[in-house]
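Novice: Any chance you could fold what I've pasted below:
(2 chains)
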Amino acid sequence: MENPAVAIEYQNVVKRFKGAACNAVNGVSLSINEGEFITILGSSGCGKTTLLKMTNRLLDPDEGNIILFGENVRDVNEVLVRRRIGYAIQQVGLFPHMTIAANIATIPKLLKWDKERINARVRELTELVGLDPGEFLTRYPAQLSGGQQQRIGLARALAADPKIMLLDEPFGAIDAINRLNLQDELKRIHNSFTGGVKKTFLFVTHDISEALKLGTRVIVMNEGKVCQFDTPENIVKNPADGFVKSLIHTLRRDGPAHEVRK
Amino acid sequence: MREIWDSIISYFENNTDAYLTMLSQHVSISLRVLSMSIFIGCFFGILCVRFSRHQKWIIGTFQVLRIVPSLAVLVLSIRFLGIGMGPAITALTFLAVPPILMNTVAGLEKVPVFMLETAKGMGMTPLQVWLRVRLPLAFPLILAGIKTAMVEIVASATIASLIGAGGLGQIIFQGISVRRTELLLIGGISVALLSLISVFLLDLLDRFFQRYKRI
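Specialist: So this is what the prediction gives:
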């Protein structure tokens, strides 16, 4: 099997916010292959969301470069970069004044697809995230439960078939049972693109069991730096430093029932 | 009581045309003032939010203008603009802009930051974020400001007749000068009804645009 292409490369990326004592992201260098499901784990304020937002240029790094499929994001128009990348966040951010169908169709409409193609894509995606198009497409976001809204949020982010998906704690506000279902669904969605190469997922979370369950590799971040970037198995077996060790320790304390993606 | 009723009936029998003219003048003044103030209020409201450094003095200026009593604005405007429809519309617009301006600012600022950031993160241009997300979500509050302004406009358009702009105010001021109660009643109740009808129509509009909230 030939080596997969490098999807995302961070080269010594630094981000500091005005008035902050230390850098939010402090010299991060990583290389992520196409088709990987990367989870970024860390406590709040560790820079994981900042790293994500620099990937689709919601923020620009102060130092270093971010390369997407060989192209420096600095050199590409920011709007065009974002349209090629799926983006979903914890608050979902469905537009309340638009129907579910219109929400999912947001990016295809921006890209000026024709109507039939948009309609077909919207139905396909609604089914992909496990909802019935006939029932949901004409509804408004306020009529959906939190879990259903996040499914639509995922469908919307996937609409233009992006190669990269950025997911910022998408299940953070969802109850434990629904969250487990959604995690399984997300894994299934990631595995379902069998036609070509899989999409590259970047999934930020502060939930360690979620990170270990979903990630093919896990980035553990603390105070703007990467502590460890390895498979879930290796992270549990050989934690790189004290911080990772203490994270693993919380997992053991909470009980033995955790699942590690192999 | 009986006498007043009779004289009201006879007023309408003898002055139908005059009444309808004054009514249509009143409606026309109100609608022109409303469209002017929606334009100015929304324009400056958007400026306030887009360039928040200037928000304080823009809002302050319009607030000060509102403190001046409408009658004074009307009389002062004679000095600069003369009499008739034009000055009346100008003067009333000053009064109607603040509620629309304030609500536009409040509505635009109430749209959650994460909503704007998602829109941006999906690849909308700044203009698309405004037109497709920010303005539509602010619209219910802007409409509430328009409603407040509308009531004020319809009521204040009454005194516009003082500077020769016509309208239902003519009946009331005529009633005062010749001491005829029925004229006061006809004028006053007409203005009140007009005000109610306009609020009702705007409510319908409001319900139409907010149907996504009520399901």
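Novice: use CA for all of it now, contacts and neighbours both
Specialist: OK.
Novice: tell me which element residue 147 falls in.
Specialist: No chain was given, so I picked chain A. helix A:146-158 (DSSP states H and E).
Novice: please go with chain B instead
Specialist: Using DSSP H and E, B:K147 sits within helix B:135-156.
Novice: how far does that helix sit from the chain's center?
Specialist: Relative to its chain's centre, helix B:135-156 lies at 7 Å (Cα atoms, centre = their mean, to the nearest Å).
Novice: Show me what it is packed against.
Specialist: helix B:2-50, helix B:85-110, helix B:181-209 (3 or more Cα pairs under 8 Å, 6 or more residues apart in numbering or on different chains; DSSP states H and E).
Novice: Which strands and helices lie in contact with the next helix or strand after it?
Specialist: Where DSSP H and E defines the elements, the next helix or strand beyond helix B:135-156 is helix B:169-178. The contact analysis (3+ Cα pairs under 8 Å, 6+ apart) places helix B:169-178 against helix B:181-209.
Novice: Okay, buried residues for the helix it packs on please.
Specialist: For helix B:181-209, the neighbour count (16 or more other Cα atoms under 10 Å in any protein chain shown) marks B:182-188, B:191, B:194-195, B:198-199, B:202, B:206, B:209 as buried.
Novice: Could you tell me the angle between it and helix B:2-50?
Specialist: 40 degrees (axes from the mean of the first three to the mean of the last three Cα atoms, to 10 degrees).
Novice: got the angle for helix B:181-209 vs helix B:169-178?
Specialist: 160 degrees.
Novice: So what's the gap between helix B:181-209 and the chain middle?
Specialist: How far helix B:181-209 lies from its chain's middle: 12 Å, per Cα atoms, centre = their mean.
Novice: what residues does the stretch 151-262 of chain A put near chain B?
Specialist: The stretch 151-262 of chain A has residues A:A157 near chain B, with proximity defined as Cα under 8 Å from any Cα of the partner chain.
Novice: where does the stretch 151-262 of chain A have low pLDDT?
Specialist: A:194-196, A:253-258, A:262 (pLDDT under 70).
Novice: Spell out the residue ranges of the strands in it.
Specialist: A:164-168, A:200-205, A:217-222, A:225-230 (DSSP state E, counting those that start in this stretch).
Novice: can you list contacts of the shortest one?
Specialist: Residues from elsewhere that reach strand A:164-168, judged by Cα atoms under 8 Å, 6 or more residues apart in numbering or on different chains: A:7, A:49, A:52, A:84-90, A:157-158, A:199-205.
Novice: one more time with 10 Å
Specialist: Applying Cα atoms under 10 Å, 6 or more residues apart in numbering or on different chains, the contact partners of strand A:164-168 are A:7-8, A:34-40, A:48-49, A:52-53, A:55-56, A:68, A:84-92, A:154, A:157-158, A:190, A:198-205, B:121.
Novice: Would you state the helices of the stretch 101-250 of chain A in chain order?
Specialist: Secondary structure of the stretch 101-250 of chain A (DSSP state H, counting those that start in this stretch): helices at A:106-110, A:115-128, A:133-136, A:146-158, A:176-191, A:208-214, A:232-237, A:242-253.
Novice: Go through the ones you listed and name the closest to A:F17.
Specialist: Across the helices of the stretch 101-250 of chain A, A:F17 has its closest neighbour in helix A:242-253 (24.0 Å, Cα to Cα).
Novice: now for the closest one, which elements pack on it?
Specialist: Here helix A:242-253 touches helix A:208-214, strand A:217-222, strand A:225-230, helix A:232-237, going by 3 or more Cα pairs under 10 Å, 6 or more residues apart in numbering or on different chains; DSSP states H and E.
Novice: Please export the C-alpha coordinates of the longest one as PDB.
Specialist: Just to be clear, that refers to helix A:208-214. Only the C-alpha atoms of helix A:208-214 are listed here, as PDB (Å, rounded to 0.1, in the frame of the first residue of the first chain):
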ATOM      1  CA  ILE A 208     -10.700  11.700  27.200                       C
ATOM      2  CA  SER A 209     -12.800   8.600  26.600                       C
ATOM      3  CA  GLU A 210     -14.300  10.300  23.500                       C
ATOM      4  CA  ALA A 211     -10.900  11.100  22.300                       C
ATOM      5  CA  LEU A 212      -9.600   7.600  22.700                       C
ATOM      6  CA  LYS A 213     -12.700   6.000  21.300                       C
ATOM      7  CA  LEU A 214     -12.900   8.000  18.100                       C
END
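Novice: residues of it that come out buried?
Specialist: The neighbour-count check on helix A:208-214 (16+ other Cα under 10 Å) flags A:208-214 as buried.
Novice: What parts of chain B come near chain A?
Specialist: B:112-126, B:128, B:132-134, B:136-137, B:209-215 (Cα under 10 Å from any Cα of the partner chain).
Novice: Mind checking which of those are buried?
Specialist: Among these, the ones that count as buried by 16+ other Cα under 10 Å are B:115-125, B:132-134, B:136-137, B:209-210, B:212.
Novice: Tell me what angle the helix holding B:K147 forms with helix B:85-110.
Specialist: Using the same axes, to 10 degrees: helix B:135-156 against helix B:85-110 is 150 degrees.
Novice: Please identify the buried residues of the helix or strand of chain B with the lowest mean pLDDT?
Specialist: Scoring the helices and strands of chain B by mean pLDDT, DSSP states H and E places helix B:70-81 at the bottom, with a mean of 79. Neighbour counts over helix B:70-81 (16+ other Cα under 10 Å) mark B:70-71, B:73-75, B:77-78 as buried.
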